[in-house]
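Chemist: Sequence and predicted structure are below.
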Amino acid sequence: MSETFTCFGRRNNAWVVISRPVENDEFQRGIRGRDCYKNHSLASTECWDNKLKNGTESIPPPFEHVNDVSTAIATAYYVVLAILVLQVFSSVYTLLICISWKFCQFAKPFNYVMLVLMSVAVVLWIALFVLIVPEAYKQNILPEKFDKPEYEYSTGSGFWKFFCGGLIPFVAAIIILLRKQICDMFCCCGKSIEMKNGFELTELVAK
C-alpha cells in the first residue's frame, strides 16, 4: 500500500501549487523536472520541462516567467529516489519473510539492520517534509513583479499522497514486522519481564 501511494504521489506534479481562484486555474511544480498548468474550467492540464524558459504557447501569463527550480525541490528529487529504493528493498524483505520459513529463520540476525534501514527511510520522509512545505510559504516560484496578493501558494495533493499515504502504512509495517526489535531497542520487553518476575516473587513470598 505504501509503495502505491508513493508511486502515485511521485508522478503527480502537484507538489507546490499556485492557485488563482478568479481564473479557476493553478500552476503546479513537481519534483520530476516538470511544471504543469491546470485549467479547472476546461478540465485540461498542460505540462512542460521546467528547464524551458518560455514554457509552451498554451501556458498563459504569468506562468511562462517562473523562476528556476529551487535547491530544496532539486534536493527533494533525490530524497524521493532514496525513499523509493528503501521501500522496494523493505517490501522484498517483508514478502520473503511472509512466504518463506527458511528465509524467515535466516533473516532473524539481520532484523536489526532492517530496522535501521527502515528508520532511515522515515527520517528521509521527515527531511522531505522540511524541504517541501516551506516552499509554499517562500512564494519564490514567480518573480516578484509577476506575483499578486490574490495568488494562493500551497502544498499540493502529489506531495501529501507521497508523504502521508506512503509514511503512515510504512510506519505501521515497521511496528508489525519488527515490533520485537523495537521493543528490545527501548528495553520495554525486558522491563515487562522484570516486573512480571517481581510480581510472581512477591506472590510466592506472601504465600
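Modeler: Received the coordinates, thanks.

Chemist: and residue 44, bridged to which residues?
Modeler: When bridges are called by DSSP bridges, residue 44 pairs up with residue 39.

Chemist: start the count at 54, not 1, going forward
Modeler: Sounds good: first residue 54 from here, last item residue 97.

Chemist: Next one: it from residue 91, what distance?
Modeler: Distance, residue 97 to residue 91, by C-beta to C-beta, to the nearest Å: 7 Å. Quick note: C-beta positions are derived from backbone N, CA and C, even for glycine.

Chemist: Helices along the chain, start to end?
Modeler: 55-64, 124-152, 154-160, 164-191, 210-230, 232-238, 241-259 (DSSP state H).

Chemist: Relative to residue 81, tell me which of these wins on proximity.
Modeler: When the helices of the chain are compared by C-beta to C-beta, helix 210-230 sits nearest residue 81, at 7.7 Å.

Chemist: My guess is residue 224 contacts residue 175. True?
Modeler: Yes. At 6.5 Å, residue 224 and residue 175 qualify as touching, with contact defined as C-beta atoms under 8 Å.

Chemist: Find the residue at the geometric middle of this structure.
Modeler: Closest residue to the average C-alpha location of the chain: residue 216 at 3.1 Å, with C-alpha atoms, centre = their mean.

Chemist: tell me which helix or strand of the chain sits lowest on mean pLDDT?
Modeler: Ranked by mean pLDDT, DSSP states H and E, the helix or strand of the chain with the weakest confidence is helix 241-259, at a mean of 46.

Chemist: contacting residues for the nearest residue to residue 190 once chain neighbours are set aside?
Modeler: Nearest residue to residue 190 in three dimensions, chain neighbours excluded: residue 206, at 7.1 Å (C-beta to C-beta, 6 or more residues apart in numbering). Residues in contact with residue 206 (C-beta atoms under 8 Å, 6 or more residues apart in numbering) are 69-71, 189-190, 192, 194.

Chemist: Run through the bridge partners of residue 206.
Modeler: For residue 206, the beta-bridge partners are residue 71 (DSSP bridges).

Chemist: And it, how far from residue 150?
Modeler: For residue 206, the distance to residue 150 equals 43 Å [C-beta to C-beta].

Chemist: Over to residue 129?
Modeler: For residue 129, the distance to residue 150 (C-beta to C-beta) stands at 31 Å.

Chemist: More neighbours: these two, which one.
Modeler: Using other C-beta atoms under 10 Å as the criterion, residue 129 and residue 150 rank with residue 129 on top: 25 against 18.

Chemist: The more buried one: what's it in contact with?
Modeler: Listed by C-beta under 8 Å, 6+ apart, the contact partners of residue 129 are 68, 84, 181, 184-185.

Chemist: ok, 7 Å please
Modeler: For residue 129, the contact set (C-beta atoms under 7 Å, 6 or more residues apart in numbering) comprises 84, 181, 184-185.

Chemist: quick one: which of those residues has the most company?
Modeler: When neighbours are counted by other C-beta under 10 Å, residue 84 leads the contacts of residue 129 with 27 neighbours.
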